[in-house]
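>>> using only what follows, build the 3D model:
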Amino acid sequence: MPGHLLELLARGIHERADRLHVRRVEIDGAFERLARVDVAERMVRGGESFWAVVYPPFIARDLTRGDVRLVVRKGLEEARGNYKLLVALFNMPPTDYKRFLNFLRKHDCHMPFQRFRSAATAIAVDTSAGEPDSPLTDADDDPYRVV
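Now for the predicted structure:
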(Lines give C-alpha, C1' and ligand atoms only; values in the text may rest on other atoms or scores of the structure.)
Protein backbone atom coordinates (compact mmCIF):
# COMPACT_ATOMS: atom_id res chain seq x y z
CA MET A 1 0.00 0.00 0.00
CA PRO A 2 2.71 2.60 0.73
CA GLY A 3 4.21 2.02 -2.74
CA HIS A 4 0.81 2.63 -4.28
CA LEU A 5 0.44 5.87 -2.32
CA LEU A 6 3.86 7.10 -3.49
CA GLU A 7 2.94 6.24 -7.06
CA LEU A 8 -0.30 8.24 -6.83
CA LEU A 9 1.54 11.17 -5.28
CA ALA A 10 4.19 11.11 -8.02
CA ARG A 11 1.51 10.92 -10.74
CA GLY A 12 -0.30 13.91 -9.20
CA ILE A 13 2.93 15.94 -9.14
CA HIS A 14 3.66 15.08 -12.77
CA GLU A 15 0.13 15.97 -13.90
CA ARG A 16 0.34 19.33 -12.13
CA ALA A 17 3.76 19.97 -13.66
CA ASP A 18 2.36 19.13 -17.11
CA ARG A 19 -0.51 21.61 -16.62
CA LEU A 20 1.97 24.28 -15.54
CA HIS A 21 4.15 23.53 -18.58
CA VAL A 22 1.17 23.89 -20.94
CA ARG A 23 0.27 27.19 -19.27
CA ARG A 24 3.88 28.39 -19.65
CA VAL A 25 3.88 27.46 -23.35
CA GLU A 26 0.67 29.51 -23.82
CA ILE A 27 2.24 32.48 -22.02
CA ASP A 28 5.51 32.14 -23.98
CA GLY A 29 3.55 32.02 -27.26
CA ALA A 30 1.72 35.22 -26.38
CA PHE A 31 5.00 36.83 -25.37
CA GLU A 32 6.59 35.84 -28.68
CA ARG A 33 3.70 37.40 -30.63
CA LEU A 34 4.08 40.60 -28.63
CA ALA A 35 7.84 40.53 -29.23
CA ARG A 36 7.28 40.40 -33.02
CA VAL A 37 4.99 43.41 -32.87
CA ASP A 38 7.52 45.19 -30.65
CA VAL A 39 10.30 44.58 -33.21
CA ALA A 40 8.37 46.33 -35.97
CA GLU A 41 7.35 49.17 -33.67
CA ARG A 42 10.95 49.71 -32.53
CA MET A 43 12.08 50.12 -36.13
CA VAL A 44 9.22 52.16 -37.57
CA ARG A 45 8.38 54.39 -34.60
CA GLY A 46 11.47 54.06 -32.43
CA GLY A 47 13.99 54.76 -35.16
CA GLU A 48 16.13 51.68 -34.48
CA SER A 49 17.86 49.86 -37.33
CA PHE A 50 16.95 46.44 -38.72
CA TRP A 51 20.53 45.37 -38.00
CA ALA A 52 20.10 46.24 -34.30
CA VAL A 53 16.54 45.00 -33.74
CA VAL A 54 15.94 42.00 -36.02
CA TYR A 55 19.33 40.63 -37.04
CA PRO A 56 20.80 39.74 -33.58
CA PRO A 57 17.70 37.89 -32.27
CA PHE A 58 17.32 36.08 -35.60
CA ILE A 59 20.93 34.89 -35.55
CA ALA A 60 20.50 33.89 -31.88
CA ARG A 61 17.36 31.96 -32.98
CA ASP A 62 15.04 34.02 -30.81
CA LEU A 63 13.17 35.09 -33.96
CA THR A 64 12.13 32.57 -36.60
CA ARG A 65 12.06 32.92 -40.38
CA GLY A 66 8.32 33.33 -40.09
CA ASP A 67 8.83 36.23 -37.69
CA VAL A 68 11.26 37.94 -40.08
CA ARG A 69 8.90 37.32 -43.02
CA LEU A 70 6.06 38.88 -41.05
CA VAL A 71 8.14 41.96 -40.29
CA VAL A 72 9.23 42.24 -43.95
CA ARG A 73 5.63 41.75 -45.16
CA LYS A 74 4.36 44.50 -42.86
CA GLY A 75 7.18 46.75 -44.04
CA LEU A 76 6.47 46.04 -47.71
CA GLU A 77 2.82 46.91 -47.14
CA GLU A 78 3.92 50.27 -45.72
CA ALA A 79 6.50 50.80 -48.50
CA ARG A 80 4.03 49.69 -51.19
CA GLY A 81 6.32 46.92 -52.40
CA ASN A 82 9.43 49.08 -52.74
CA TYR A 83 12.49 47.47 -51.12
CA LYS A 84 14.48 50.71 -51.35
CA LEU A 85 11.81 52.48 -49.33
CA LEU A 86 11.75 49.50 -46.97
CA VAL A 87 15.47 49.99 -46.30
CA ALA A 88 14.75 53.60 -45.30
CA LEU A 89 11.68 52.56 -43.28
CA PHE A 90 13.80 50.05 -41.34
CA ASN A 91 16.37 52.79 -40.62
CA MET A 92 19.23 51.43 -42.69
CA PRO A 93 21.50 53.56 -44.85
CA PRO A 94 20.84 53.31 -48.61
CA THR A 95 24.21 51.58 -49.00
CA ASP A 96 22.78 48.58 -47.08
CA TYR A 97 20.21 47.85 -49.80
CA LYS A 98 22.14 44.94 -51.36
CA ARG A 99 23.27 43.65 -47.96
CA PHE A 100 19.63 43.60 -46.80
CA LEU A 101 18.40 41.78 -49.92
CA ASN A 102 21.25 39.26 -49.65
CA PHE A 103 20.34 38.61 -46.02
CA LEU A 104 16.69 38.03 -46.94
CA ARG A 105 17.55 35.70 -49.83
CA LYS A 106 20.16 33.76 -47.86
CA HIS A 107 17.72 33.08 -45.03
CA ASP A 108 14.70 32.46 -47.29
CA CYS A 109 12.85 35.57 -46.09
CA HIS A 110 12.71 37.50 -49.39
CA MET A 111 9.18 38.19 -50.58
CA PRO A 112 8.00 39.09 -54.07
CA PHE A 113 7.22 42.80 -54.21
CA GLN A 114 4.63 42.59 -57.03
CA ARG A 115 1.64 41.67 -54.89
CA PHE A 116 2.22 44.69 -52.65
CA ARG A 117 2.45 47.05 -55.60
CA SER A 118 -0.64 45.67 -57.34
CA ALA A 119 -2.64 46.00 -54.10
CA ALA A 120 -1.52 49.63 -53.77
CA THR A 121 -2.50 50.32 -57.38
CA ALA A 122 -5.93 48.72 -56.91
CA ILE A 123 -6.57 50.82 -53.81
CA ALA A 124 -5.53 54.01 -55.59
CA VAL A 125 -7.72 53.23 -58.61
CA ASP A 126 -10.77 52.48 -56.43
CA THR A 127 -10.44 55.66 -54.38
CA SER A 128 -10.02 57.96 -57.38
CA ALA A 129 -12.56 56.39 -59.75
CA GLY A 130 -14.83 58.92 -61.38
CA GLU A 131 -13.00 61.98 -60.06
CA PRO A 132 -11.11 63.82 -62.81
CA ASP A 133 -7.92 65.58 -61.77
CA SER A 134 -8.12 69.32 -61.93
CA PRO A 135 -5.07 71.60 -62.23
CA LEU A 136 -6.46 73.51 -59.26
CA THR A 137 -6.37 70.52 -56.89
CA ASP A 138 -3.41 69.57 -54.74
CA ALA A 139 -3.32 66.02 -56.15
CA ASP A 140 0.36 66.50 -57.06
CA ASP A 141 1.21 66.91 -53.38
CA ASP A 142 -0.02 63.40 -52.52
CA PRO A 143 3.11 61.16 -52.24
CA TYR A 144 0.96 57.98 -52.37
CA ARG A 145 -0.85 58.83 -55.57
CA VAL A 146 -0.32 56.24 -58.30
CA VAL A 147 -0.30 57.69 -61.78
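>>> contacting residues around Arg73?
Applying CB atoms under 8 Å, 6 or more residues apart in numbering to Arg73 gives the contacts Met111. C-beta: built from backbone N, CA, C; applies to glycine.
>>> what about it, which helix or strand?
Using DSSP states H and E, Arg73 maps to helix 65-78.
>>> other SSEs contacting the following helix or strand past that helix?
Later in the chain than helix 65-78, the nearest helix or strand by DSSP H and E is helix 83-89. If contacts are counted by 3 or more CB pairs under 8 Å, 6 or more residues apart in numbering; DSSP states H and E, helix 83-89 sits against helix 65-78, helix 97-106.
>>> between those helices, which one is nearest to Phe90?
Closest of the helices and strands packed on helix 83-89 to Phe90 is helix 65-78, at 6.2 Å (criterion: CB to CB).
>>> the closest one: which residues count as buried?
Asp67, Val68, Arg69, Leu70, Val71, Val72, Lys74, Gly75, Leu76, Glu78 (16 or more other CB atoms under 10 Å).
>>> and the closest residue to the third one other than its chain neighbours, how many neighbours does it have?
The spatially closest residue to Arg69, leaving aside those adjacent along the chain, is Cys109, at 5.2 Å (CB to CB, 6 or more residues apart in numbering). Cys109 has 20 neighbouring residues, counting by other CB atoms under 10 Å.
>>> report the contact partners of Cys109.
Per CB under 8 Å, 6+ apart, neighbours of Cys109: Arg65, Val68, Arg69, Val72, Phe103.
>>> relative to Arg117, which of those residues is nearest.
Closest to Arg117, out of all of the contacts of Cys109 and judged by CB to CB, is Val72, at 14.8 Å.
>>> got the residue ranges for the strands in the protein?
Assigned by DSSP state E, the chain shows no strands.
>>> how about low-confidence regions in it?
Within the chain, the segments meeting pLDDT under 70 span 1-37, 119-147.
>>> could you pull out the helices for it?
Shown for the chain, the helices assigned by DSSP state H span residues 2-44, 50-53, 55-59, 65-78, 83-89, 97-106, 114-128.
>>> neighbouring contacts of the second one?
The one in question is helix 50-53. By CB under 8 Å, 6+ apart, helix 50-53 touches Val39, Arg42, Met43, Phe90, Asn91, Met92, Asp96, Phe100.
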